[in-house]
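S.K.: Sequence and predicted structure below; questions after.
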Amino acid sequence: MSPFPSPEPRPLGPLLAELRSALGWSQQRLAGALCAASGVPTLTRHEVSRWEHQRRLPGDFWLGWLAVVLGVPGALLADAAAHSRRLAAVPAAVDRAGARSRAALLALAHRWAADPSRAPLGAPLAAPAPPVPGGAAPDRGPAPTGAGPDGPAGDDLAELRRWDDLLGGADLAGHGARRLHRAVRGYRTAGPAARRRLLPELAGSAQLAGWLAADAGEVTAALDAYRLALRAAAADADPAFAGHVLGSASHLLAGVGDPAGALALAGAGYAGCRDVASPGLRALLLHRLAFAAALAGRSRAARRALDAAGRAGDPAPGREPPWLYWLDPPELAA
């Protein structure tokens, strides 16, 4: 299958980090080169770090000198800066905490998509576990087995996914959050060898907790869970599941009126896993990409994505991963 081109430029921060790394330069060396070229001696590596993490965007003056020092066309950096400014527009449905979580997930997604095979994106649990959606208390002990009228009470992740077919996020978000807390606790207390084996469970628990939290309207908790799921999937060297995580997060941002963020995440998810994804997963991610592009008013990009999805083929029984058990041609068409 031929690669589907990204409908958007790269954000400036990840692009600057990639260009600097390609030269083998540290942030300190780039700052020094900029000072020498521009004649302005006050720029420090801290400012370069802020640019790369998109806590701040360089103005036209520094964009021009960055192009000179890095040896790239000025238009490349200008387009990336304009795209980053569009991404910085956070919808009203996302509060200040959610805006920080959104920015962190976007930055992580672009780092992963640039090279999914490289070293993991930091420790999966470098940040605290996501807050429990809806204010439910974290799990304090073993849960009873079986399922009640409000959803599953046991530890089976597949069972919780099945219950999501029947109940909404408002009913299940607390269960998903408690399941994730147990997975985080197990990972933190395990030895190094056991941690490697627990990564798929951690990634799956975080993705499902994010999906359920999003369905319950807990945007910040969902974004934090998706970020944890992406770190765990990257550490597990599972680009297909990482792409699925970003597709799920794209669906969330599209639903809260953030087409720019949704398009960035869908594009990163597809770009990072298209070579290893099953036919159904490729088609699903291309549909996420098409939906986000349509919401952003990019009808031509939406049509290209839909055409590519048609060429990806239908979900194939026995060839799709178990976490896509629900995906069939009628569901995809809907």
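M.R.: Received it, and whenever you're ready, just let me know what you need.
S.K.: what are the ranges of the strands in the stretch 101-250 of the chain?
M.R.: Using DSSP state E, counting those that start in this stretch, the strands of the stretch 101-250 of the chain run over 147-148, 151-152.
S.K.: SS state for the closest residue in space to Val219 that isn't next to it in sequence?
M.R.: Leaving aside its sequence neighbours, Val219 sits nearest to Gly98 (Cβ to Cβ, 6 or more residues apart in numbering; 4.8 Å). Any C-beta I mention is one placed from the backbone N, CA and C, and that applies to glycine too. Three-state call for Gly98 (DSSP: H, G, I helix; E, B strand; the rest coil): helix.
S.K.: and Gly98, how many residues sit next to it?
M.R.: Look at Gly98: counted by other Cβ atoms under 10 Å, it has 20 neighbours.
S.K.: try Arg161
M.R.: Arg161 has 21 nearby residues by other Cβ under 10 Å.
S.K.: Can you list the neighbours in contact with the host helix or strand of Leu66?
M.R.: Using DSSP states H and E, the element containing Leu66 is helix 60-70. By Cβ atoms under 8 Å, 6 or more residues apart in numbering, the residues outside helix 60-70 that reach it are 16, 19-20, 23, 30, 33-34, 37-38, 43, 58, 73-74, 76-78, 81.
S.K.: Run through the helices of the stretch 201-334 of the chain in chain order.
M.R.: Remark: helices assigned in the stretch 201-334 of the chain by DSSP state H, counting those that start in this stretch are 219-235, 239-255, 259-273, 279-295, 299-312, 329-333.
S.K.: Take the ones you listed and lay them out in a markdown table including distance to Ala194 and mean pLDDT.
M.R.: As requested, the helices of the stretch 201-334 of the chain are exported to a markdown table (distance: least, Cβ to Cβ, whole Å; pLDDT from 0 to 100):
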| stretch | distance to Ala194 | mean pLDDT |
| --- | --- | --- |
| helix 219-235 | 14 | 94 |
| helix 239-255 | 20 | 95 |
| helix 259-273 | 26 | 90 |
| helix 279-295 | 28 | 91 |
| helix 299-312 | 37 | 87 |
| helix 329-333 | 36 | 71 |
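S.K.: Which among the ones you listed is found nearest to Leu106?
M.R.: helix 259-273 (5.8 Å; Cβ to Cβ).
S.K.: Now the closest one - C-alpha only, CSV.
M.R.: Taking Å, rounded to 0.1, in the frame of the first residue of the first chain, the C-alpha atoms of helix 259-273 are listed here in CSV:
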residue,chain,number,x,y,z
PRO,A,259,-10.3,19.5,14.3
ALA,A,260,-6.7,20.7,14.1
GLY,A,261,-5.7,18.5,17.1
ALA,A,262,-7.8,15.6,15.8
LEU,A,263,-6.1,15.8,12.4
ALA,A,264,-2.6,15.9,13.9
LEU,A,265,-3.2,12.9,16.0
ALA,A,266,-4.9,10.9,13.3
GLY,A,267,-2.1,11.7,10.9
ALA,A,268,0.6,10.8,13.4
GLY,A,269,-1.2,7.5,14.2
TYR,A,270,-1.5,6.4,10.6
ALA,A,271,2.0,7.5,9.7
GLY,A,272,3.5,5.6,12.6
CYS,A,273,1.9,2.2,12.0
